[in-house]
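**Student:** predicted coordinates and the sequence they were generated for:
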Amino acid sequence: DWTTANVIEEQVERIREQVGSDRVICGLSGGVDSAVAAALVQRAIGDQLTCVFVDHGLLREGEAEQVERDFVAATGVRLYVAREADRFLGALAGVTDPETKRKIIGREFIRAFEAAEQAILTEASATGERVRFLVQGTLYPDVVESGGGEGAATIKSHHNVGGLPEDVEFELIEPLRTLFKDEVRAVGAQLGLPAEIVGRQPFPGPGLGIRIIGEVTGERLALLRRADAIAREELTDAGLDAEVWQMPVVLLADVHSVGVQGDGRTYGHPIVLRPVSSEDAMTADWSRLPYDLVARISNRITNEVEGVNRVVLDVTSKPPGTIEWE
Ligand code: XMP
């Protein structure tokens, strides 16, 4: 019968058998799936697993710390951190088109991840160990969507071995392949992962990079991070996390409007709140948040975040509006 304890036990055995004495790499995104997949593999093979966290500088307040400090404390996992905020900001300089931003972030992510892999491969080969596996947090709905097919999955990765580019083949470990999202959360909780990670609402891979309408800069990221943290804190305090599917907070960086704050006239940016209710993100409705909550968020953001003098609420369903603004 299905219990989280059984799932864990079964997967742990399976992973041990599959891996033997070889080494394994797992990327952490800050999200639920990769964290639970990594924790399961860690439970099975301990230090044979190295997790890789590419900090692209586009996460929200506290999220990098959740991975580097809280996840490591909860699991004891061996973590390789690639601090790459400058690489991503550099590559995004001057770019405003949403699809171009996505492509650049995806490309830089792969490059940063492969560089981290290379470092781990080099270190392993010094002790005669083989790095043969890559963990992926694929869930059951992803398996169905991509047509199923068990086994033999591999991923090619490019590396510079002895100065020459070479393809490395990794076999995949996918310990969440039979699970739905709520089951993954239950397994994560049972494995002792922090509630902030296990209960995290969906957040896009390109992160805050696609929530700044206009060019992404360090200053704009800092501003949006503050506004987003306030909005999330108030939503949580109101006890509405479970009712809201996700609430993107968007900075209209290329828009200015006139305001009056403190001693006088300001010419600042609007922040958009985009709370949505949804089952699967394919369609969504805007969440009817209590007005006093919206008022609190608005007051706090305009008081506490310099450069913002207006907060607006997005009341568009999906379709026609997507959940994200880019
Ligand atoms: P849209 O904006 O298309 O979003 O209504 C649907 C869901 O997908 C998330 N999303 C992304 N997730 N990479 C991701 O990992 C992306 O590029 C991306 N774009 C959108 C969005 O947050 C929502 O949950």
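**Tutor:** Received, thanks.
**Student:** if you count contacts, what does the strand or helix carrying I110 end up packed against?
**Tutor:** Using DSSP states H and E, I110 maps to helix 98-126. Packing partners of helix 98-126 (3 or more CB pairs under 8 Å, 6 or more residues apart in numbering; DSSP states H and E): strand 23-28, strand 49-55, strand 78-83, helix 85-92, strand 131-135, strand 154-161. For glycine as for every other residue, the C-beta is placed from the backbone atoms N, C-alpha and C.
**Student:** now the ones you listed as TSV including mean neighbour count and mean pLDDT?
**Tutor:** Output for the helices and strands packed on helix 98-126, formatted as TSV (neighbours: other CB atoms under 10 Å; pLDDT from 0 to 100):
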stretch	mean neighbour count	mean pLDDT
strand 23-28	23	98
strand 49-55	23	98
strand 78-83	16	98
helix 85-92	17	98
strand 131-135	22	97
strand 154-161	13	86
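**Student:** can you tell me which of those comes nearest to the ligand?
**Tutor:** For those, the distance to the ligand is smallest for strand 23-28, at 12.9 Å, taking CB to the nearest ligand atom.
**Student:** is that closest one in proximity to the ligand?
**Tutor:** No. With CB under 6 Å from any ligand atom as the criterion, the ligand is not reached by strand 23-28; the gap is at least 12.9 Å.
**Student:** that strand - which strands sit beside it in the sheet, and in what orientation?
**Tutor:** Strand pairing for strand 23-28, using DSSP bridges, gives strand 49-55 (parallel), strand 131-135 (parallel).
**Student:** tell me what angle whichever helix or strand comes after it forms with strand 49-55.
**Tutor:** Once the chain leaves strand 23-28, the next helix or strand it forms, by DSSP H and E, is helix 32-45. Computed by axes from the mean of the first three to the mean of the last three CA atoms, to 10 degrees, the angle separating helix 32-45 from strand 49-55 equals 160 degrees.
**Student:** average pLDDT for helix 32-45?
**Tutor:** Averaged over helix 32-45, pLDDT sits at 98.
**Student:** list the buried residues in it.
**Tutor:** 32-45 (16 or more other CB atoms under 10 Å).
**Student:** equivalent analysis for stretch 1-13, please.
**Tutor:** T4, V7, I8, Q11, V12.
**Student:** repeat that for stretch 163-171.
**Tutor:** For stretch 163-171, by 16+ other CB under 10 Å, it's V168, F170, E171.
**Student:** export those residues to a markdown table and tack on distance to the ligand and pLDDT?
**Tutor:** Formatted as a markdown table, these follow (distance: CB to the nearest ligand atom, whole Å; pLDDT from 0 to 100):
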| residue | distance to the ligand | pLDDT |
| --- | --- | --- |
| V168 | 25 | 90 |
| F170 | 21 | 97 |
| E171 | 24 | 97 |
